[in-house]
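Engineer: model this:
(chains A, B and C)
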Amino acid sequence: MEFLERLNPQQQQAVQAGEGPVLVLAGPGSGKTRVLTYRIAYIIGELGVRPYHILAVTFTNKAAQEMQHRVEQLLGPQAHGLTLGTFHATCARILRREAEHLPFTSSFVIYDADDQLTLVRQALDDLNLDPKRYTPQSVHAAISNAKNELALPDEFPLQNYRDEVVKRIYSRYQDLLAGSNGLDFDDLLLWTTRLMQEFPEVREKYARRFEHVLVDEFQDTNMAQYTLLKHLASFYRNIFVVGDTDQSIYAWRGADYRNVLRFERDFPDTQVILLEQNYRSTQSILDVAMAVIDRNPARKPKRLFTDRGQGEKILIHETYDDREEAAYVVETIARLVASQAAQPGDFAVMYRTNAQSRLLEEAFLHAGLPYKLVGAQRFYGRREIKDIIAYLRLVYNPEDEVSLLRVINVPARGIGEKTLALFRSLAQKSKSAPGRLLLELGRNNHSPHLEALPGRAVAAMAQFGSRLNTWCAQAEELAPLSLMDRILEEVDYRSYIDDGTDEGRERWENVMELRRLAGEYQERGLVTFLEDVALVSDQDTLETSANVPSLLTLHAAKGLEFANVFIVGLNDGLLPHARSFDDPEGMQEERRLFYVGITRAKDRLYLMTPLNRSAYGYSEPTVESRFLKDIPVELLEEVGLSRRRTRTSSPYRPDRWEPSLSHSQRLIEPQYSPGAKVFHPVWGEGMVLNSRLQDDDEIVDVFFAEVGLKRVAASLAKMERKI
DNA sequence: ATGGACAATGTTTTT
DNA sequence: CATTGTCCAT
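Structural biologist: I've put the predicted structure just below:
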């Protein structure tokens, strides 16, 4: 196969490894995705295995899509029929097919993190427990851990009194899930694994089907996932895993990098292949990365090397506070773009906590420069989006109590708390799901189980129930988009959410964005839509097309690469995070997180340390991150504060009341486009960064070599365009 | 039942 | 400080 020539000897060895277990330990930027895709191509093209018999699992949809795409590039249509997806999506598919063996039906809904907390709160309420003493978050973490260890409530490990209580909550939580025909994220893995464990004939079926199993980011697997993989590979034992223990950053989610060690123990005939050559970064960046990660005890030492040359030194920059830090980041990006040293899309800004994105966003907004932000929660966590999804989920599965309770009085239809409490207890007594009773009430205008409800409430509920009936009947033939349109129309959602304020308008625009998304599921249908929406990862929301800087957490950065990387907020307490101070394992993970961030950079790396940080509105002095002390000074270059003019160079103040023009109002055409060179009689030569039309004029952001960033109105400034 | 005013409380990372 | 929840008046 001629494409093998494009690989180095270690990569070739991995791709062409024979049958049996293979463990590839791949350093950052060592071409592990390439190895995985070539391996799949090799199995199909060279070993003659049909794609149907191959399973490849990843952790994000984005990674899965990328792999699918690259395999197709290598093989063309021959690649069709591969099973390639995330752990969770693959499990969901198996569970829908095998639901007959399990305590739920194939039309289960998937509950997200938010719904899970709602369920825990409900369980606490049902058991009359104090949510202050048993915070929903901590209880949920305990449940999640148990599920990762494949333990149902009966097998919940008990070590103290608190565990007894948590066990009862867990038990109630599972009952609530069962009553709603719902599964949470962890259930997807748990039930698939138990299915394989308890039904040998099912296990056999899948193990015989998947002649080859391939796994990406193996260090991120938890107990359930690892056990599942062993079942799936139990017949052929052709299991090919790729990972890097130094990039294990999800221990808090149950991931256990020691699965890499277990793998070698459980499959003693494993071929171990090391990929050390880095194709991404300059040697300076790799040297810094190694200096940081070498401090972690008990790891297999790995040398990272590249033939890309030494490259520039790593820039370390101290600012007065986090505001200035953000301003410096934005200005540096603008300067490098203006000098044509880089494109806007070549930049990424990484931080430890999501809250840190705010100042950065403000700085970009202030400079009028576009950016993109990684984070599914930002969109799917919004109230209006959750409402609409809940409506759709309810239609798909009327037993979904979480969704029912969410929307039964949204928009308000006079069904209040008291009515609902009574309704729920009546449903419990009649041993049927509240949604079922509601449907019955809608059909007959009467339900024998709901006699105790006051008349006014019954009328409101009957009307809603009747609508739900219609939607359910239509759901069969209607595509997700049309169904969503009907619901929006019939409940008059727009007038509920769009109250005329800016916020209301934005909320409605979000609904329209979801509508656009639903439009992509005309053929694939409601189930797939709901499933994809439930299982999006933050990384999946990163637009790859737009050529603008990315803002993202260090966690979300894994697997990505950028020419220029800023890591901001390098203070003790943030990175490493204060919550890990007293936990050695946690501190090691913080260090790996820093390592992941560093190794995303191809050419230039900026490490930023603000001297003060504002928390809760007050600015407080900070302590420099202890990790910085591990970097030898000769690898670093300090960038001074001297010639900065952020404060004076930007007279523009963003204004909330600034009118935005619709298409019809646009009377002029833009004259300046990003990248164009201009000459200004006073400010000299500059480069256009951004331009937009406003009030019959064109507002242009220009970076001038001599005076920095300026915002000018085209009609007033006597600028010349240069060629 | 609904909406407004005020208080408390919080910041880790996410499939 | 900025969001979220809780209480109270309508």
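Engineer: okay, and for the stretch 501-650 of chain A, where does confidence drop off?
Structural biologist: By pLDDT under 70, the weakly predicted segments of the stretch 501-650 of chain A are A:640-650.
Engineer: Oops, could you answer that again for the stretch 1-150 of chain A instead?
Structural biologist: Across the stretch 1-150 of chain A, the ranges flagged by pLDDT under 70 are A:1.
Engineer: mind running it again at 90?
Structural biologist: The stretch 1-150 of chain A contains residues with pLDDT under 90 at A:1-6, A:18, A:60-62, A:76-80, A:112-139.
Engineer: For it, just list every one of the helices.
Structural biologist: Using DSSP state H, counting those that start in this stretch, the helices assigned to the stretch 1-150 of chain A run over residues A:9-15, A:32-45, A:61-75, A:87-97, A:113-126, A:136-148.
Engineer: what does the stretch 51-200 of chain A put close to DNA strand B?
Structural biologist: A:59, A:60, A:86, A:87, A:88, A:112, A:113, A:185, A:186 (C-beta under 7 Å from any atom of the strand). Quick note: C-beta positions are derived from backbone N, CA and C, even for glycine.
Engineer: Just to check, the third one is in contact with residue A:532?
Structural biologist: No. At 10.4 Å, residue A:86 and residue A:532 do not qualify as touching, with contact defined as C-beta atoms under 8 Å.
Engineer: tell me, what's touching those two both at once?
Structural biologist: Shared contacts of residue A:86 and residue A:532 (C-beta atoms under 8 Å, 6 or more residues apart in numbering): residue A:61.
Engineer: Neighbour count for the two, which is higher?
Structural biologist: Using other C-beta atoms under 10 Å as the criterion, residue A:86 and residue A:532 rank with residue A:86 on top: 22 against 16.
Engineer: For the residue of the stretch 351-500 of chain A found nearest DNA strand B, which phi and psi angles does the backbone take?
Structural biologist: Using C-beta to the nearest atom of the strand, the closest approach of the stretch 351-500 of chain A to DNA strand B is made by residue A:416 at 2.5 Å. When read as degrees, to the nearest 10, the backbone of residue A:416 gives phi -90, psi -170.
Engineer: contacting residues around it?
Structural biologist: Contacts for residue A:416 were tallied using C-beta under 8 Å, 6+ apart; they are A:409, A:457.
Engineer: Just put the helices of the stretch 1-150 of chain A in CSV and tack on mean neighbour count.
Structural biologist: Formatted as CSV, these follow (neighbours: other C-beta atoms under 10 Å):
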stretch, mean neighbour count
helix A:9-15, 19
helix A:32-45, 22
helix A:61-75, 18
helix A:87-97, 20
helix A:113-126, 19
helix A:136-148, 19
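Engineer: What is the burial count for the closest residue to residue A:627 other than its chain neighbours?
Structural biologist: The shortest distance from residue A:627 to any non-neighbouring residue, by C-beta to C-beta, 6 or more residues apart in numbering, is to residue A:594 (5.3 Å). Residue A:594 has 27 neighbouring residues, counting by other C-beta under 10 Å.
Engineer: from what I can see, residue A:594 looks like it's in a helix, true?
Structural biologist: Yes. Under DSSP: H, G, I helix; E, B strand; the rest coil, residue A:594 sits within a helix.
Engineer: is it true that it touches residue A:554?
Structural biologist: Yes. In this structure, residue A:594 is within contact of residue A:554 by C-beta under 8 Å, at 7.4 Å.
Engineer: Residues that sit against both of these two, list them.
Structural biologist: Joint contacts of residue A:594 and residue A:554 (C-beta under 8 Å, 6+ apart) are A:567, A:575.
Engineer: wait, does the top helix by length along chain A make contact with DNA strand B?
Structural biologist: Taking DSSP state H as the criterion, chain A has its longest helix at helix A:455-475. Yes. Helix A:455-475 is in contact with DNA strand B by C-beta under 7 Å from any atom of the strand, via residue A:457.
Engineer: If you count neighbours, what's buried in that helix?
Structural biologist: By neighbour count on 16 or more other C-beta atoms under 10 Å, the buried set for helix A:455-475 is A:457-458, A:460-462, A:464-469, A:471-472, A:475.
Engineer: How about stretch A:13-30?
Structural biologist: Quick answer for stretch A:13-30 (16+ other C-beta under 10 Å): A:13-15, A:17, A:21-30.
Engineer: Also stretch A:519-535?
Structural biologist: By neighbour count on 16+ other C-beta under 10 Å, the buried set for stretch A:519-535 is A:521, A:526, A:527, A:529, A:530, A:531, A:532, A:533, A:534, A:535.
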